[in-house]
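**Q** heads up, no residue letters with this:
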């Protein structure tokens, strides 16, 4: 299965605050917030929604096509992705902007406050996906430049290219009409639990309405695992991986999508896809940096068996070994 991934390509600046954000917020002064957090650590890592998902898929052997815009500072990043199985021929380099930047601070409760500078990503709107017709089996339209996301979705519909909708952190920027346009007819819709409720609120659709608008609706539930829904069928609930040792949450959702789509690409069930998504997400969660985790077949199979049983582990191992 050939998968193209669109969305942000960025450098992450990840910081850790040893306290709790909630203890610093005064409920009666939320209209005048002025806070600065003295952080314990700073890690600069490769990131971006599209690049993170592509990295995971590449690591799992699917050779995804990354589509987007980076800056002239992308050469080393490009080499890194290529070494990890990503086809970067779809990445154009801007002569005007640097690669996008993400800055996030995480507290002791794994809450995060972040900012994002789009940089070269604003040029994604100049990319034409029409040329991918007949060349890919699925396009994941990840969080990136809003105008580009809308354009890519329209191009996929026009060219009859199956697409997955993953609005994630751009959901706050989009209005109801735009959200409806981005998710209607998607082969897959990825959200976390909060994003799922916000999507329903912005579209004006009920949960059943939203499920009916897409092929497969996938909702990640944090420590409660994940839920997969299809119209007219009972939901598939998959528990989380036990005994997790979280270090930094950035990129865990992207890693879930990589694992899920890898299993789909291998022709496995939606239950297996959610299980693999959970497992890859845990690897990212237990590592500082969205592309710093390692997937060793033997240890992955062992942990998979402990979480989901020997049969499930054997199915995954038959594709990733």
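**A** Perfect, I can see it now. This structure is a prediction, so every number in the text was calculated from the model and none was measured.

**Q** Can you name the residues that contact residue 282?
**A** 240-241, 244, 252 (Cβ atoms under 8 Å, 6 or more residues apart in numbering). C-beta: built from backbone N, CA, C; applies to glycine.

**Q** Could you find the lowest-pLDDT member of those residues?
**A** Among these, residue 244 has the lowest pLDDT, at 90.

**Q** How about that one: what's its closest non-neighbour residue?
**A** Spatial nearest neighbour of residue 244, excluding adjacent residues (Cβ to Cβ, 6 or more residues apart in numbering): residue 282 at 5.4 Å.

**Q** What helix or strand is that neighbour located in?
**A** For residue 282, the element it lies in under DSSP states H and E is helix 270-285.

**Q** Tell me the confidence at the residue nearest to residue 244?
**A** If you check residue 282, the pLDDT there is 96.

**Q** can you check residue 254 too?
**A** So, for residue 254, pLDDT stands at 96.

**Q** how close does it sit to residue 212?
**A** 27 Å (Cβ to Cβ, to the nearest Å).

**Q** Look at these two and report which has more neighbours.
**A** In this view residue 254 and residue 212 are compared by other Cβ atoms under 10 Å, and residue 254 has more residues nearby, 32 against 14.

**Q** close enough to count as contact, that one and residue 52?
**A** Yes. Counting by Cβ atoms under 8 Å, residue 254 does reach residue 52; the two are 3.6 Å apart.

**Q** where along this structure do the helices fall?
**A** If DSSP state H is used as the criterion, the helices of the chain fall at 49-59, 75-83, 146-159, 176-183, 193-203, 207-213, 252-265, 270-285, 297-308, 310-317.

**Q** now these as a markdown table including distance to residue 99?
**A** Below are these laid out as a markdown table (distance: least, Cβ to Cβ, whole Å):
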| stretch | distance to residue 99 |
| --- | --- |
| helix 49-59 | 10 |
| helix 75-83 | 7 |
| helix 146-159 | 16 |
| helix 176-183 | 24 |
| helix 193-203 | 25 |
| helix 207-213 | 34 |
| helix 252-265 | 17 |
| helix 270-285 | 20 |
| helix 297-308 | 30 |
| helix 310-317 | 33 |
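
**Q** one step back: identify the contacts common to residue 254 and residue 52.
**A** Contacts common to residue 254 and residue 52, judged by Cβ under 8 Å, 6+ apart, are 284, 290.

**Q** By neighbours, which of the contacts of residue 282 wins?
**A** Scoring the contacts of residue 282 on neighbours with other Cβ under 10 Å, the highest-scoring entry is residue 252 at 25 neighbours.

**Q** Might one say that it is in contact with residue 281?
**A** Yes. In this structure residue 252 lies within contact range of residue 281 using Cβ under 8 Å: 4.5 Å.

**Q** Against residue 74, how distant is the residue nearest to the spatial centre of the chain?
**A** Most central in the chain under Cα atoms, centre = their mean is residue 254, positioned 2.6 Å from the mean C-alpha point. Distance of residue 254 to residue 74, given as Cβ to Cβ: 18 Å.

**Q** for residue 105, same thing?
**A** 25 Å.

**Q** what about the two, which has more around it?
**A** Just comparing residue 105 and residue 74: by other Cβ under 10 Å the higher neighbour count belongs to residue 74, 22 against 18.

**Q** who's in contact with that one?
**A** 9, 91, 93, 99.

**Q** Model confidence for it, exactly?
**A** Looking at residue 74, the pLDDT reads 94.

**Q** Cool, thanks, talk later.
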